[in-house]
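S.K.: Give me the fold of what follows.
(chains A and B)
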Amino acid sequence: MRQFKFTTILFAALCCLLMCSQTQAQQAFGYAAITFNPSNNTSTGYASTELDYETAYYYDAEVQAHIENENGSVLGSGGTIGNPSASIFFDVIHTIACFRITIISFVIVRPHFLGCDGDLFDAFGFSDFWWGWFWDFGDFSLSRRNRCILNRLIFIATIVRELINCLPADVTCEKDTNQLLPSGLSTTTDTPYLTGLQPGIHDSDHIPIRCHAENPVNGNPQSGVVLRFRFANTVPFDGGHVNHAGVRPKGEFAPTTARTDSSGNATTVYTAPRFSGTIRIEITADGMTNDPPSADLDVRVPSLQRLQNPAANEGYLLRGSSESGNTFHPDGHYGIPAANTGLRGIASDYRNNGFPQAQFPNGQPEDRKLNYNDQSLVWGGKFDIRNNVGVRPVWDPRGRGSHDEHRVGINCDVRLGDVPNENVIVQGVNVNRRQLLEEIFNQRGSTNTLREFGLNHWHLRFEFNNPSAALNGSVPANRTPAAVPGVVEAEMYDTNGSDGTQGSFVPNDGTADPMYNYPQVLAITGETDQSYVPMAGGQWMKYTVNIASSGTYSFVARVASTSGGNTFRFEVDGTDRTGSLYIPNTGSGDVYQFVAIDDIWLAAGQHVVRLVVDGTSSWKANFDYFTINPYFPPQFCDPEWWEIDECRNGGGSWDYSSCGCQYGCITRACELY
Amino acid sequence: MAASTDVSRGRVNYTSPFDPGRRYSKRRPAFNTHMKYFAAIFMFYILAFLAGCSTSQYAQTKVQRKALEKPHREYNTPTNYAPRERGYDPKTGKAITYDHKPRVDLIDEKSGRYAFKWIGYDGQEKSVVFQRGDVLDVVVSATVSKTTNQYVYTYKIENLPTSAAYLKRFIVQNFASDVVWRQGGPLIAFATMSNAIDQFKEGNWLNFADLSDAVQINPGQTVQVQLTSSAPPGLVGCRASIETTMDGAGEDMPTALENLLPGYNDFPKGYTIGPIESLKALSASDRVKYVLEKLPQFRDLGWITEDAFARYQQSLKTNDPPSVLNRLDEDLKSEQITTEVFALFQTIK
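M.R.: Numbering: from 1, shown residues only, chains lettered A, B, ... in the order given. Sure thing, here's the model as predicted:
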């Protein structure tokens, strides 16, 4: 009976205890977090489990956590037991640019009591019933939440924290120019038409874009940063292609993404489209801490000018663009200056000869004026139109009526319908009006005109700077181009080419041959095996050279003169590359000095260098030779202060010319440190 | 008779003085004995002597103007060309290209006609016929007469029978501001060539063109043009050309072919005489100097015989112009000099 009473009391006490514990709750909670330190590219995980006072009496807190990447691979892990709390830190060092990692922490309680078999057991039990009794930080996983394992450990919850981060990077980019040619223009065949090109700068349809990423905290190069090259939405100017439908071609990046190397560098090459306009490019990267680098690149044919609106009696009208109500192309009358001059001359000659003053004192009637259609669009480039009048142009996959040639400002269509096939009296002679006009085309620069009468026009092509002439230019002396780097003797100028291209020119002063007069070659006084060329103002000589490799070069000319203030220049392939260089007064035509200019960029291959003396046709200077050699920019000596100190302390002195320490020696064999 | 030896082929070539373009060849006999060998050497020297005499005699016989110099260019199918863009994908902006297969077909070597062909945007073959400029053989002669204060320049332009095209235009240079074209003949001049064109940037180039439907200056025909000026004659340039405007194919010619077109470089070119204003101001001695400087070029142009060249040069160098002037009429009649040289020497009187 006493035993029964004791059992009953014990049961009641246990029940009471159980009831008490239930009412006071057994609480466990957990916490998990992950942080990233950009200075050392380290992710640190932290996880903890903590029990309340009551729970801690019966249980120990245990935390087990790991960090895994987005593929589920465990990057780091740790676990510990404590009472009433357990917590752990652990680090993961990342070498990749961007990552998505997760810390998974298990909130665990470990019972204190041992069962009969020596195992730990849960006398009180966490069960589903008690959900509302504990609290946490983090996201408790529902899948784990329901688990209550009546064994060694009791999982209360799983806390998941996720961190998506990238290596921080300040990204800067650079390029050599903001101006490119529309693609499809060959630098060997088309660029001779073009003026205003800066070789190496404006003569290319593509540019490398070089980017560099560095850690914003410590300034070290940041490798592994994935850069994305793309076009920004804003396009400030679209050349002549207003109101086209569809996606405007913007060019291409190769590659479109690039990962920075161990030096933090990545490069892509941007190639312009065949269409002109401004292209805004942008470089982005995950983790970029600065504003994305961007740039506006002008894709254009340089030096195109608008053919001016005609005066009332000027004999031509502009057609085919905004002047005649076409709003699709704002303007279609851009050309190289010489072509524009030619077109105005054509209209003038046609008016003066086809419509004589006696009959047409106010100029020809409006419906007899020449209609100029479709030169080049603003900034040139591909001129893509459709034949369907009034239909909004698209980037037409059918390509109908594409003005393939109207892109560098040397073409123009002249409408046929305004030039009747009739006879007209020109200077008393009965001639055909269309033949008269065709001859005017020839006189003003378009000799290989095409009759496109089925399309109601003539297709003019102005021959100025004809590339075929340039390719078949003057013939080098001894038929061998001078080697560059090297010396070019003045007397070794080009001879006349088989196509009539001149290799040299001596101005007409009334006594000399007005054309094709050859420069004199005279022996240098005291150096009978050496020759020079006396040059007058306006005189020039061409030298075909073969440049071994692209790079920057120095031009050095050996000249003699008895007067000051005269100038000369070097042109390469028809473009002035040096500007005016002053010829010194050396006191005698036999006393030579050097005139030099540095940092001239030259492309590899065969080119024609033209030596031109400025001024009028009197003797200016004697030229012996000139050299074209690689230019080496001066190296600046900027020693650290301690280097100088160390040098001085060692009894030496700092030599800035050799950028080293000299130890008291006076011979040229001094050792440099 | 001029002779030259082509050792590699064992032939001696001879040029007839009456027909410089015609060449004869005789096989050199094979000799087996010394006698034959010496006989051959003897004969060879005799022939060489005769040849040398004939060369000299030929050079001294009479003047013969050279035809305008003709550039020769090759026109071949481009091997390196970019695909032609037909259009653009409206969604991606990517170019849609096709191989337009530009090519150059020789239609006829004699007439220098080529077909520039390509596959057009519509998939059909397109063709433009182009004629090479060097099929034109032209000789230009000039005479000058003087009125009270004007020089009258008359140019005869002969389209030689060997030409394979009709003459479209004759362009002659001058350096005077008062040049006036005198009407007459089928070629008319109403303007000068633009100075913006490289080949015509020095001085003024008066363009005489055939603009008539009815007349064509065919091979074998000669035309004449005249101009007047107060400026005395000097050495100037001239060019001639065939018709250069071509019939198109209904769409732009591809760049690869259009870049083959030679432009003005294709025009045969040479020299004649024309007004040069600056010569007015020259002193008598400077005029002599000017003519003396030009003498070698006159000889190269076929305007003066070797013999006359030597005499004139000697006289001018020894400051004895009268001895030249006194023989001018005779030398012109005996064709020792051309009308061009005659006119130029008149200016030193």
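S.K.: surely residue A:53 meets residue A:59?
M.R.: No. Using Cβ atoms under 8 Å as the test, residue A:53 is too far from residue A:59 to be in contact (11.3 Å). C-beta coordinates here come from the backbone N, C-alpha and C atoms, glycine included.
S.K.: Which one's more surrounded, the two?
M.R.: Regarding residue A:53 and residue A:59, a neighbour count based on other Cβ atoms under 10 Å in any protein chain shown identifies residue A:59 as having more, with 27 against 9.
S.K.: ok, now how distant is the more buried one from residue A:109?
M.R.: Noted for residue A:59: a distance of 4 Å to residue A:109, by Cβ to Cβ, to the nearest Å.
S.K.: Please, where are all the helices along the stretch 151-300 of chain B?
M.R.: Counting by DSSP state H, counting those that start in this stretch, the segments of the stretch 151-300 of chain B that form helices are B:255-258, B:284-300.
S.K.: can you list contacts of the helix or strand hosting residue B:97?
M.R.: Secondary-structure element containing residue B:97, defined by DSSP states H and E: strand B:95-98. Outside of strand B:95-98, the residues that reach it under the criterion Cβ atoms under 8 Å, 6 or more residues apart in numbering or on different chains are A:249, A:274, A:397, A:399, B:83-89, B:119.
S.K.: got a markdown table for those residues, with neighbour count too?
M.R.: Formatted as a markdown table, those follow (neighbours: other Cβ atoms under 10 Å in any protein chain shown):
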| residue | neighbour count |
| --- | --- |
| A:249 | 24 |
| A:274 | 22 |
| A:397 | 14 |
| A:399 | 22 |
| B:83 | 12 |
| B:84 | 24 |
| B:85 | 19 |
| B:86 | 19 |
| B:87 | 20 |
| B:88 | 27 |
| B:89 | 14 |
| B:119 | 17 |
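S.K.: In strands, which of these appear?
M.R.: The strands, defined by DSSP state E, take in B:84-88, B:119 from the contacts of strand B:95-98.
S.K.: ok, which stretches of chain A are helices?
M.R.: Assigned helices in chain A, in chain order: A:2-24, A:53-58, A:142-145, A:337-354, A:433-443, A:467-471, A:641-649 (criterion: DSSP state H).
S.K.: Check which helices and strands the fourth one is in contact with.
M.R.: So that's helix A:337-354. In terms of contacts (3 or more Cβ pairs under 8 Å, 6 or more residues apart in numbering or on different chains; DSSP states H and E), helix A:337-354 is packed against strand A:305-306, strand A:316-319, strand A:370-373, strand A:411-415, strand A:423-426, helix A:433-443, strand B:187-192.
S.K.: Turn those into JSON lines, including distance to residue A:536, mean pLDDT and mean neighbour count.
M.R.: Compiled in JSON lines, these are given as follows (distance: least, Cβ to Cβ, whole Å; pLDDT from 0 to 100; neighbours: other Cβ atoms under 10 Å in any protein chain shown):
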{"stretch": "strand A:305-306", "distance to residue A:536": "33", "mean pLDDT": "86", "mean neighbour count": "14"}
{"stretch": "strand A:316-319", "distance to residue A:536": "40", "mean pLDDT": "90", "mean neighbour count": "21"}
{"stretch": "strand A:370-373", "distance to residue A:536": "41", "mean pLDDT": "93", "mean neighbour count": "23"}
{"stretch": "strand A:411-415", "distance to residue A:536": "38", "mean pLDDT": "93", "mean neighbour count": "24"}
{"stretch": "strand A:423-426", "distance to residue A:536": "41", "mean pLDDT": "89", "mean neighbour count": "17"}
{"stretch": "helix A:433-443", "distance to residue A:536": "31", "mean pLDDT": "95", "mean neighbour count": "24"}
{"stretch": "strand B:187-192", "distance to residue A:536": "26", "mean pLDDT": "90", "mean neighbour count": "22"}
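S.K.: Ok, which of those comes nearest residue A:100?
M.R.: Closest of these to residue A:100 is strand A:305-306, at 55.3 Å (criterion: Cβ to Cβ).
S.K.: Pull the residues that contact that closest one.
M.R.: A:331, A:333-337, A:340, A:378.
S.K.: what do you get for stretch B:108-127?
M.R.: Around stretch B:108-127, the neighbours that count as contacts under Cβ under 8 Å, 6+ apart are A:398-400, A:402, B:75, B:84, B:86, B:98-107, B:128-135, B:164-165, B:249-251, B:253-254, B:257, B:260.
S.K.: Also stretch B:170-179?
M.R.: The list of residues contacting stretch B:170-179 from outside it, by Cβ under 8 Å, 6+ apart, reads A:508, A:514-515, B:138, B:140, B:155, B:157, B:187, B:193, B:200, B:202-208, B:223, B:225, B:227-231, B:234, B:236-241, B:267, B:272, B:274-278.
S.K.: go again using 6 Å as the cut-off
M.R.: Counting by Cβ atoms under 6 Å, 6 or more residues apart in numbering or on different chains, stretch B:170-179 makes contact with B:157, B:203-208, B:227, B:229-231, B:236-240, B:274-277, all of which sit outside it.
S.K.: which parts of it are buried?
M.R.: Of the residues in stretch B:170-179, those scored as buried under the neighbour-count criterion (16 or more other Cβ atoms under 10 Å in any protein chain shown) are B:170-176, B:179.
S.K.: Can you list the low-confidence ranges for chain B?
M.R.: Scanning chain B for pLDDT under 70 picks out B:1-60, B:90-93.
S.K.: interface residues of it facing chain A?
M.R.: Counting by Cβ under 6 Å from any Cβ of the partner chain, the residues of chain B lying close to chain A are B:71, B:86-88, B:90, B:93, B:96, B:121, B:183, B:188, B:190-191, B:193-194, B:196-197, B:202, B:207, B:209, B:211, B:213, B:237, B:244-248, B:250, B:252, B:259, B:261-265, B:269, B:278, B:290.
S.K.: and the residues you listed, which are buried?
M.R.: If we count by 16+ other Cβ under 10 Å, the residues of chain B next to chain A have these buried: B:71, B:86-88, B:90, B:93, B:96, B:121, B:188, B:190-191, B:193-194, B:196-197, B:202, B:207, B:209, B:211, B:237, B:244-246, B:248, B:250, B:252, B:259, B:261-265, B:269, B:278, B:290.
S.K.: re earlier: for the contacts of strand B:95-98, name the two members farthest from one another.
M.R.: Checked with Cβ to Cβ, the contacts of strand B:95-98 reach their widest spread between A:249 and B:119, with 22.9 Å between them.
S.K.: Show me the residue sitting in the middle of chain B in space.
M.R.: Averaging the C-alpha coordinates of chain B gives a centre point, and the residue nearest to it by Cα atoms, centre = their mean is residue B:68 (1.0 Å).
S.K.: you'd agree that residue is up against residue B:271?
M.R.: No. With contacts counted by Cβ atoms under 6 Å, residue B:68 stays clear of residue B:271, the gap being 8.9 Å.
S.K.: those strands in the stretch 501-650 of chain A, which residues are they?
M.R.: Listed in chain order, the strands of the stretch 501-650 of chain A (DSSP state E, counting those that start in this stretch) span A:504-505, A:522-524, A:527-536, A:540-547, A:551-560, A:566-572, A:575-576, A:581-583, A:593-602, A:605-613, A:619-630.
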